[in-house]
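Participant: would you be able to build a 3D model of this:
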Amino acid sequence: MNEVLLIYGTALLLAWPLGLYLALVYADSPTVFDRAFGPVEGLIYRAMGVRADLTMGWRAYGRALLRLHLLIGLMAFGILMFQGVLPLNPDGIPNLPWDLALHTVASFITNTNQQHYSGQAQLSYLSQCVALVTMQVVTPAAGMAALAAILRTLLARSEGTAGLSAVGWGEEAPVGNFYRDLVRTILRVLLPLALVVSLVLAWQGVPSTLEGAQTVRPLDPQAGLAAQRIPVGPVAPMVAIKQLATNGGGWYGPNSSVPLENPTPLSNFVETVAIVLLPIALIVAAGYLTGRRRLAASILGVMLVLSALLSGLAIWSENQPNAAFAGLAAEGPNLEGKEVRFGATATALWGSLTTQTSNGSVSGMHDSFNPLGGAATLMGMWINSVFGGVGVGLINYLVFLLLAAFLGNLMVGRAPELYGRALETKEIKLISLTLLLQPLLVLGLTAAALSIPGLAGNSNPGFHGLSQVLYEYSSAFANNGSGFEGLGDNTLWWNLTCAVALILGRFIPILAPLAIAARMGAKRVAPTGAGTLDPGTLTFAVFTLTVILMFTLLAFFPVLVLGPLAEALTLAR
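Facilitator: Numbers count the residues shown, from 1 in each chain. Next up is the predicted model:
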């Protein structure tokens, strides 16, 4: 338990100064960092052919975001389709099939990194380092940029965005400049952090080379192998950005359960802290950027409560015996599918945090978790705002906050509003679209996959087979990327349907809240009164927590009963 407290404590301790720095990065006023980064940023703007001093409405901001993702996605698709004849392919890896390439691009362009392939065996160095890592940097940066735009517009203390006037924009306020927010995020935040973490990981033994696979002689002469080829590559930089930017995935198919990605207890500690560092720091940044520190503290409190509940459930579950060993004298924690170097507790904590944050990397096999441990990972993805992905997780929480404000005001007999700005029909429609899309798509695709025998490709019958299919679509929509890997997911059905879930699950939850923020940011602020609900209070935080849990249970409790809970009850007999 000490390691759990140490990881949470370290993440919170580091997130505080990092959050203060992030608030300066997204502030409209000049900062001391402009002298160092400004000239380089100017060169990047000129190379892109854009102006960073122009203010955008939400439509222009959204179009710029989508256009950038489309261009990078096409570039990556071309590399994956022709990697066999392109350079940086010392192991002679052939091209990807079109459907697998399409799914891979959809996965990485949405900050998900859901992998229906094994990277060390099916991707060249060019594909990994140029196609995938480029998306691992740009797509989380776009999510953080969108969050900054929403915070400045939705939660600004004055009308319009911070430092900008809403005059001339009609019913919508300006939200900022996408290119400015994006470049600042990449240059001032993600690249420096990734450099530090990659150096630490390389120091701990994670490979960082452009040489091809290494041939070694096994130490045990009885192994029956004269030699063994071990894939290596520039692994450390990819692992660093995948953890920090809640990308997930990994250089190797089994991710951070492979000693080459995660060789020591220190590397495991660093990678686990990195999973939650930026999501927590962005909450701190939100308080200072908007001037609403009490609200930020209440958001962090709710997220920590949810995180503790889910992590506690996963850790408790994985420290129970595996049902296959029931009645044996050697009963102990469930070590199936786990690295014994880390044990049940550290692996369960990683599994819980990685599904709370849309990270999706693994240090053990989630398919081998006990049923309630698997349920904890599913619930983290369904809620999708327990820290969540960088930027997008807090955006998801703000959608629940708006829903709580709507319901809370109606309960006390007031017109729905948030911080004096009215919540009207158009905003509620966008909130409903954002929240209801997840259960409709996840449950609908799960039902479709299971309705045709053999289509799902699940390796287990009954309750666990349902959980495998449900997990894959939940992971895709939540932009998580982890999986119950007993599933045969590299098929035309899975590649195409998951691509749909990935795209819809990424861009609608960004664009709809951006539109809501632009509309609300342009509204006149009504004076507060005795009955005004303050979102920064403990009461409102508890109410928001209740709304999140009730919505999740109403949407997914039946399928939770049919899957993990039914499996747990069956094994308990």
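
Participant: residues near residue 572, how many?
Facilitator: Under the neighbour criterion other CB atoms under 10 Å, residue 572 is assigned a count of 9. Using the backbone N, CA and C atoms, a C-beta is placed for each residue, glycine as well.

Participant: same question, residue 215
Facilitator: 10.

Participant: that one reaches residue 225, doesn't it?
Facilitator: No - using CB atoms under 8 Å, residue 215 is not in contact with residue 225, being 10.9 Å away.

Participant: give me the nearest residue to residue 258, chain neighbours excluded.
Facilitator: Once flanking residues are discounted, residue 258 sits nearest to residue 252: 4.4 Å by CB to CB, 6 or more residues apart in numbering.

Participant: relative to residue 319, how far out is that neighbour?
Facilitator: 27 Å (CB to CB, to the nearest Å).

Participant: cool, residue 409 as well?
Facilitator: 44 Å.

Participant: what does residue 33 give?
Facilitator: Distance from residue 33 to residue 319, by CB to CB: 45 Å.

Participant: again with residue 280
Facilitator: Distance from residue 280 to residue 319, by CB to CB: 26 Å.

Participant: just residue 572 next, same as before
Facilitator: 16 Å.

Participant: can you check residue 61 too?
Facilitator: In terms of CB to CB, residue 61 sits 47 Å off from residue 319.

Participant: okay, those two: which has more neighbours?
Facilitator: Remark: of residue 61 and residue 319, residue 61 carries more neighbours, 27 against 16, as counted by other CB under 10 Å.

Participant: right, and the more buried one touches residue 150 too?
Facilitator: No - using CB under 8 Å as the test, residue 61 is too far from residue 150 to be in contact (10.0 Å).

Participant: joint contacts of the two?
Facilitator: Overlap of the contact sets of residue 61 and residue 150 (by CB atoms under 8 Å, 6 or more residues apart in numbering) consists of 175, 514.

Participant: where does residue 300 land on pLDDT?
Facilitator: Residue 300 carries a pLDDT value of 97.

Participant: now do the contacts for it.
Facilitator: Contacts of residue 300 by CB under 8 Å, 6+ apart are 280, 283-284.

Participant: among these, which lie within helices?
Facilitator: 280, 283-284 (DSSP state H).

Participant: what about burial for the residues you listed, which qualify?
Facilitator: 280, 283-284 (16 or more other CB atoms under 10 Å).

Participant: ok, and the closest non-adjacent residue to the residue nearest the centre of the chain?
Facilitator: With distances taken as CA atoms, centre = their mean, residue 358 lies nearest the centre of the chain, 2.5 Å away. Once flanking residues are discounted, residue 358 sits nearest to residue 389: 3.3 Å by CB to CB, 6+ apart.

Participant: and residue 41, by the same measure?
Facilitator: residue 183 (5.3 Å).

Participant: give the contact list for that neighbour.
Facilitator: 41, 44-45, 52 are the contacts of residue 183 under CB under 8 Å, 6+ apart.

Participant: now find how far off-centre the helix or strand encompassing residue 311 is within its chain.
Facilitator: Residue 311 belongs to helix 293-318 when assigned by DSSP states H and E. Here the centre of helix 293-318 is set off from its chain's centre by 16 Å, with CA atoms, centre = their mean, to the nearest Å.

Participant: show me what counts as buried in that helix.
Facilitator: By neighbour count on 16+ other CB under 10 Å, the buried set for helix 293-318 is 295-300, 302-304, 306-307, 309-311, 313-315, 317-318.

Participant: before we move on, what about stretch 40-47?
Facilitator: By neighbour count on 16+ other CB under 10 Å, the buried set for stretch 40-47 is 41, 45.

Participant: and that stretch, average pLDDT?
Facilitator: 95.

Participant: could you export it as CSV, CA atoms only?
Facilitator: The C-alpha trace of stretch 40-47 is given here as CSV (Å, rounded to 0.1, in the frame of the first residue of the first chain):
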residue,chain,number,x,y,z
VAL,A,40,11.2,29.3,-32.5
GLU,A,41,7.4,29.5,-32.4
GLY,A,42,7.6,32.4,-34.9
LEU,A,43,9.6,30.2,-37.3
ILE,A,44,7.0,27.4,-36.9
TYR,A,45,4.1,29.7,-37.7
ARG,A,46,5.8,30.9,-40.8
ALA,A,47,6.6,27.4,-41.9
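
Participant: contacting residues around that stretch?
Facilitator: By CB under 8 Å, 6+ apart, the residues outside stretch 40-47 that reach it are 51-52, 179, 183-184, 187.

Participant: after the helix or strand containing residue 501 comes which helix or strand?
Facilitator: Under the criterion of DSSP H and E, residue 501 resides in helix 492-521. Next helix or strand after helix 492-521 toward the C-terminus (DSSP H and E): helix 538-560.

Participant: and after that next one, which helix or strand comes next?
Facilitator: Next helix or strand after helix 538-560 toward the C-terminus (DSSP H and E): helix 566-572.

Participant: so how far is that following helix from its chain's centroid?
Facilitator: Using CA atoms, centre = their mean, the offset of helix 566-572 from its chain centre is 30 Å.

Participant: chain neighbours aside, what residue packs nearest to residue 56?
Facilitator: residue 177 (5.7 Å).

Participant: for the one you found, give me its contacts.
Facilitator: By CB under 8 Å, 6+ apart, residue 177 lies in contact with 51-56, 61.

Participant: let's see that with 7 Å instead.
Facilitator: Going by CB atoms under 7 Å, 6 or more residues apart in numbering, residue 177 touches 52, 54-56.

Participant: can you redo those as a markdown table with secondary structure?
Facilitator: Output for these, formatted as a markdown table (DSSP: H, G, I helix; E, B strand; the rest coil):
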| residue | secondary structure |
| --- | --- |
| 52 | coil |
| 54 | coil |
| 55 | coil |
| 56 | strand |
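
Participant: what about the residues you listed, which one has the most neighbours?
Facilitator: residue 56 leads those on contacts (other CB under 10 Å) with 20 neighbours.

Participant: that residue reaches residue 174, doesn't it?
Facilitator: Yes - counting by CB atoms under 7 Å, residue 56 touches residue 174, with 6.4 Å between them.

Participant: low-confidence ranges, this protein, go.
Facilitator: 157-170, 329-330, 573 (pLDDT under 70).

Participant: 50 - rerun?
Facilitator: Filtered on pLDDT under 50, the chain yields the residue ranges 159-168.

Participant: where exactly do the strands run in it?
Facilitator: 214-216, 228-230, 417-418, 421-422 (DSSP state E).

Participant: what's the most buried one of these?
Facilitator: Of the strands of the chain, the one with the most neighbours on average (mean count of other CB atoms under 10 Å) is strand 417-418, at a mean of 22.

Participant: can you list the strands that that one pairs with?
Facilitator: If you go by DSSP bridges, strand 417-418 pairs up with strand 421-422 (antiparallel).

Participant: do a quick rundown of the helices in the stretch 51-200 of the chain.
Facilitator: 58-81, 98-108, 119-122, 125-126, 133-154, 178-185, 191-204 (DSSP state H, counting those that start in this stretch).

Participant: format these as CSV; extra columns: distance to residue 333.
Facilitator: Formatted as CSV, the helices of the stretch 51-200 of the chain follow (distance: least, CB to CB, whole Å):
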stretch, distance to residue 333
helix 58-81, 40
helix 98-108, 32
helix 119-122, 29
helix 125-126, 38
helix 133-154, 33
helix 178-185, 40
helix 191-204, 25
